[in-house]
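Asker: turn this into a structure:
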Amino acid sequence: MRKFIIAVVLFLGFVFVVAKLAEIQSIAETLQRGIWWFLGLALIIEFLWFINCGASFRAIYRAMGIEEQLGTLSLIVSAANFVNVIAPSAGVGGLAIFISEARRRNYSPARAAVAGVLFLLFDYLGLISILLVGLVILIRRNDLTLVVIIASAALVGLALLFAFLLNLGMQSAVALGNTLAKMAHFINRILHPFIHREYLSEMRAHEFAHDAADGLIKMRSDPKSLLMPLFLALTNKTALIIILTLVFLAFKIPISIGTIIACFSISYLFVIISPTPSGIGVVEGALTLALTSMYISLEDAAVITLSYRGITFWIPMLLGMVSLRVLEKVGIKANSNNNHENNV
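Answerer: Numbers count the residues shown, from 1 in each chain. Now for the predicted structure:
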């Protein structure tokens with residue numbers, strides 16, 4: 001069954017790429033006009049960004065008592081990113097990759113899921129720290145819009161919800177289980193008229209909470225272990241800001257640090273707060289609009305947007321497709337070796 005699902009996801013990825021072939025071709029033609037070594041450096045930073053994400057998960061895993069290799073986690077992050085684009089489900093699809101790999105590698109799927117939530121929380125906190133500066137810049141330039149304010153409020157709301165649930169888990173497995181069960185019950189009531197069955201199991205919510213709370217309580221006993229994931233979340237955003245700066249330099253477009261921070265804040269904000277996976281279509285429009293509001297010509301804004309999204313969205317998406325296939329091959333080989341050892 002797993003092989004069939006992986007095959008379907010890879011096929012959907014191929015279809016998605018074919019459907020967007022004209023856009024990819026336009027991005028490739030745009031990148032060819034830039035100074036190659038600036039763009040090459042941007043690609044190196046993007047690769048380091050993936051390693052940074054893997055290191056963030058490794059730090060969170062260790063804090064929860066799980067040991068995993070950096071290279072493996074970087075592959076899982078890349079594959080999860082790909083799945084979130086191809087099978088959009090509010091991040092659940094990508095989280096399923098972590099849970100699946102946890103089962104295959106014999107450690108707690110619940111803790112892997114909680115690690116994913118912690119990663120998102122730190123990611124949001126890292127963005128909020130940059131976003132605060134970006135909002136100040138937008139206010140000073142009279143460019144702050146109601147849409148950005150609402151999106152920022154939604155981001156803060158999500159961060160507070162995750163923080164509340166994680167803190168609850170650190171305090172009591174029972175309290176977390178009861179809260180998750182209530183949330184599952186609420187979702188089931190909404191979906192029941194459409195699917196006529198329980199979508200989420202309230203019993204499993206309690207089981208999940210008990211397993212997850214063990215890792216969270218371990219983390220609470222060593223609060224310093226949270227400093228490294230928080231630091232890596234900040235370096236994660238710094239890497240993306242550097243990439244945006246290098247894109248400006250590659251096309252010899254004048255910039256200021258204020259423009260970079262404000263435009264990055266808006267673009268990444270809509271990567272998260274967007275009805276489309278990874279902000280497809282939304283980020284492009286928001287970033288172009290933000291750039292033109294900073295007195296950058298529409299032509300230059302389009303070049304920056306296409307190039308930046310090419311490096312930070314399309315290349316990672318294609319790498320994610322490869323990563324998913326590599327994970328599957330490694331998993332098949334590992335299972336084959338285990339079966340051989342058991343037979344011996």
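
Asker: where does pLDDT dip in the stretch 101-250 of the chain?
Answerer: 191, 195-196, 199-201 (pLDDT under 70).

Asker: now do the helices in it.
Answerer: Ranges of helices in the stretch 101-250 of the chain, per DSSP state H, counting those that start in this stretch, are 109-140, 146-171, 173-195, 202-220, 227-250.

Asker: now those helices as CSV including distance to residue 314 and mean neighbour count?
Answerer: Where you see a C-beta, it was placed from the backbone N, CA and C, and this is true even at glycine. Shown next, in CSV, are the helices of the stretch 101-250 of the chain (distance: least, Cβ to Cβ, whole Å; neighbours: other Cβ atoms under 10 Å):
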stretch, distance to residue 314, mean neighbour count
helix 109-140, 20, 20
helix 146-171, 23, 16
helix 173-195, 33, 15
helix 202-220, 34, 19
helix 227-250, 13, 20
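
Asker: residue 323 is nearest to which of the ones you listed?
Answerer: helix 109-140 (16.2 Å; Cβ to Cβ).

Asker: against which helices or strands is that closest one packed?
Answerer: helix 36-63, helix 92-104, helix 146-171, helix 202-220, helix 227-250, helix 257-272 (3 or more Cβ pairs under 8 Å, 6 or more residues apart in numbering; DSSP states H and E).

Asker: show me the one of the helices of the stretch 101-250 of the chain that comes nearest residue 275.
Answerer: For residue 275, the closest of the helices of the stretch 101-250 of the chain is helix 146-171, at 11.4 Å, according to Cβ to Cβ.

Asker: how far off helix 257-272 does the closest one point, in degrees?
Answerer: Inter-element angle recorded for helix 146-171 and helix 257-272: 60 degrees (by axes from the mean of the first three to the mean of the last three Cα atoms, to 10 degrees).

Asker: measure how far helix 146-171 is from the centre of its chain, please.
Answerer: 16 Å (Cα atoms, centre = their mean, to the nearest Å).

Asker: ok, now stretch 203-221?
Answerer: For stretch 203-221, the distance to the chain centre is 23 Å (Cα atoms, centre = their mean).

Asker: check stretch 184-194 too.
Answerer: Offset of stretch 184-194 from its chain centre (Cα atoms, centre = their mean): 27 Å.
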